[in-house]
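# Dropping the sequence and predicted coords here.
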Amino acid sequence: MIRAAITAVGGFLPENILTNFDLEKMIDTTDEWITTRTGIKERHVENDPQKATSDMAVEAVKNLCKKRGIAPEEIDLLICGTVTPDMVFPSTSNLICAKLGAVNAWGYDVSAACSGFIYSLATGAQFIETGRYKKVVIVGADMMSRIIDYSDRTTCVIFGDGAGAVLLEPSSDDSLGIRDFVLHADGRGMTHLHMKAGGSLRPASEETVANKMHYVYQEGQPVFKHAVVNMAEVSAKIMERNHLTSEDVTWLAAHQANKRIIDATAQRMGIGSEKVMMNIERYGNTTAGTIPLLLWDYEKQLKKGDNLILSAFGGGFTWGSIYIKWAYDGNAI
Ligand code: UT7
């Protein structure tokens with residue numbers, strides 16, 4: 001069979017950094033509370049009002065094209081996982097392609113919150129596996145600062161802005177690449193994590209703005225409980241399905257929402273902290289951006305044949321895991 005392999009990774013973070021100490025001056029919180037409850041020390045926040053999610057994504061994709069030595073014109077398809085599209089329509093994917101000059105690509109957005117990247121990656125891989133396309137770009141990008149209420153201490157401390165992207169190509173060795181995925185959704189979870197207005201149910205009005213209904217609404221505790229159980233379960237499930245022991249797993253790349261959720265997942269998988277990719281302390285929760293940004297940060301340490309488990313849980317609820325046998329050593333294929 002033709003397998004889809006990641007052949008390059010790109011990332012981008014806005015320059016401006018918002019630390020826990022900055023937040024102490026804005027709301028009733030402490031660096032100590034945020035660090036012990038979440039593992040986050042700082043996050044990047046775009047402060048240029050002219051910039052949007054597509055601008056971060058464009059930088060991440062340019063980074064990836066440069067590494068792989070390809071031109072944007074060579075991209076066949078670009079899928080963007082995001083819940084902070086530049087606008088309701090057209091899709092952010094279309095805007096990214098236009099800004100990049102990816103004139104031969106088509107694309108679309110995937111709305112799956114924090115699972116947006118893994119949903120998009122599983123979807124994009126299908127177009128390679130069928131033999132239809134040769135170069136598919138998968139983006140995970142979110143400018144969460146644009147939908148966060150910075151007076152709500154229960155949500156504003158965890159989120160940040162960022163974008164990551166990977167290139168998928170047919171693997172010359174069919175043992176390498178995306179080997180399996182397990183994805184789930186349960187719309188009943190929406191009550192605990194959603195945006196109340198701005199869609200067809202409650203279009204923007206003076207009332208929705210006055211009632212702060214265009215911000216992320218999150219009930220932290222129930223989301224936390226579901227995330228711990230489901231991310232751990234699905235990660236164990238994909239290992240079992242692929243006959244992987246904890247020794248076989250080289251890396252866990254788990255959605256960076258809360259260090260305590262990631263630790264619980266690693267524990268359920270029976271793997272030590274040395275195998276757990278972590279950058280939550282510097283970036284916070286960038287929603288669809290977290291997993292590609294982990295791959296970007298850890299790319300130099302990855303080796304051909306490494307077994308990676310990618311796992312996420314997010315709004316929807318949506319969750320899942322992907323098993324990848326990594327296709328190259330270090331920084332480039
Ligand atoms: O990314 C997609 C999915 N999202 C997630 O996975 C997030 C899951 N949830 C979480 O990570 C955690 O629930 C949070 C980090 C959001 C909150 O942590 P928690 O340990 O669940 O705190 P809590 O909401 O139970 O609040 C505990 C206490 C409360 O005070 P009282 O009622 O016990 O007096 C809160 O008011 O902590 C208080 N609190 C804070 N104190 C200082 C809540 N936020 C803050 C804060 N600083 N920022």
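Cool, the structure landed. Since we're looking at a predicted model, the values are computed, not measured. Numbering: from 1, shown residues only.
# Which parts of the stretch 201-333 of the chain are strands?
Along the stretch 201-333 of the chain, the segments classed as strands by DSSP state E, counting those that start in this stretch run 216-218, 251-254, 307-314, 318-325.
# any chance of those strands in JSON lines, plus mean pLDDT, mean neighbour count and distance to residue 128?
No exception for glycine: its C-beta is placed from N, CA and C like everyone else's. Formatted as JSON lines, these follow (pLDDT from 0 to 100; neighbours: other C-beta atoms under 10 Å; distance: least, C-beta to C-beta, whole Å):
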{"stretch": "strand 216-218", "mean pLDDT": "97", "mean neighbour count": "20", "distance to residue 128": "33"}
{"stretch": "strand 251-254", "mean pLDDT": "98", "mean neighbour count": "26", "distance to residue 128": "20"}
{"stretch": "strand 307-314", "mean pLDDT": "98", "mean neighbour count": "27", "distance to residue 128": "17"}
{"stretch": "strand 318-325", "mean pLDDT": "98", "mean neighbour count": "25", "distance to residue 128": "13"}
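# need the longest helix for this protein.
Secondary structure of the chain per DSSP state H: the longest helix is helix 220-241.
# is it fair to say residue 33 lies in a helix?
Yes - under DSSP: H, G, I helix; E, B strand; the rest coil, residue 33 sits within a helix.
# Let me know how buried it is, in neighbour terms.
Residue 33 has 15 neighbouring residues, counting by other C-beta atoms under 10 Å.
# And it, how far from residue 207?
Per C-beta to C-beta, to the nearest Å, residue 33 is found 33 Å from residue 207.
# Spell out which residues make up each domain of this structure.
According to automatic domain parsing, the chain is divided into the following domains: 3-175, 178-325.
# so which of these is the most packed in?
Among the domains of the chain, the stretch with the highest mean neighbour count (mean count of other C-beta atoms under 10 Å) is domain 3-175, at a mean of 21.
# And the ligand, is it touching that?
Yes - applying C-beta under 6 Å from any ligand atom, one finds domain 3-175 touching the ligand at 29, 33-34, 37-38, 114, 153-154, 157-158.
# Narrow those to those in helices?
33-34, 37-38, 153-154.
# Just send these back as TSV, with distance to residue 163 too.
Output for these, formatted as TSV (distance: C-beta to C-beta, whole Å):
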residue	distance to residue 163
33	28
34	23
37	26
38	21
153	26
154	25
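# Just send the residues of domain 3-175 next to the ligand back as JSON lines, with pLDDT too.
Shown next, in JSON lines, are the residues of domain 3-175 next to the ligand (pLDDT from 0 to 100):
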{"residue": "29", "pLDDT": "98"}
{"residue": "33", "pLDDT": "98"}
{"residue": "34", "pLDDT": "98"}
{"residue": "37", "pLDDT": "97"}
{"residue": "38", "pLDDT": "97"}
{"residue": "114", "pLDDT": "98"}
{"residue": "153", "pLDDT": "97"}
{"residue": "154", "pLDDT": "95"}
{"residue": "157", "pLDDT": "98"}
{"residue": "158", "pLDDT": "97"}
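# Make TSV out of these and add distance to residue 284.
Formatted as TSV, these follow (distance: C-beta to C-beta, whole Å):
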residue	distance to residue 284
29	13
33	14
34	9
37	13
38	8
114	12
153	14
154	14
157	8
158	6
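# re earlier: which one of the domains of the chain lies nearest to residue 332?
Closest to residue 332 of those is domain 3-175 (C-beta to C-beta; 5.5 Å).
# show me the contacts for whichever residue of the chain sits closest to the ligand.
Residue nearest to the ligand within the chain (C-beta to the nearest ligand atom): residue 220, separated by 2.7 Å. Residues near residue 220 by C-beta atoms under 8 Å, 6 or more residues apart in numbering: 154-155.
# confidence score at it?
In the prediction, the pLDDT value recorded for residue 220 is 95.
# coming back round to it: angle of the longest helix of the chain against helix 31-38?
With axes from the mean of the first three to the mean of the last three C-alpha atoms, to 10 degrees applied, the angle from helix 220-241 to helix 31-38 works out at 40 degrees.
# circling back: so which of the residues of domain 3-175 next to the ligand is the closest to residue 197?
For those, the nearest to residue 197 is residue 154 (19.2 Å; C-beta to C-beta).
# I am finished for the moment; much appreciated.
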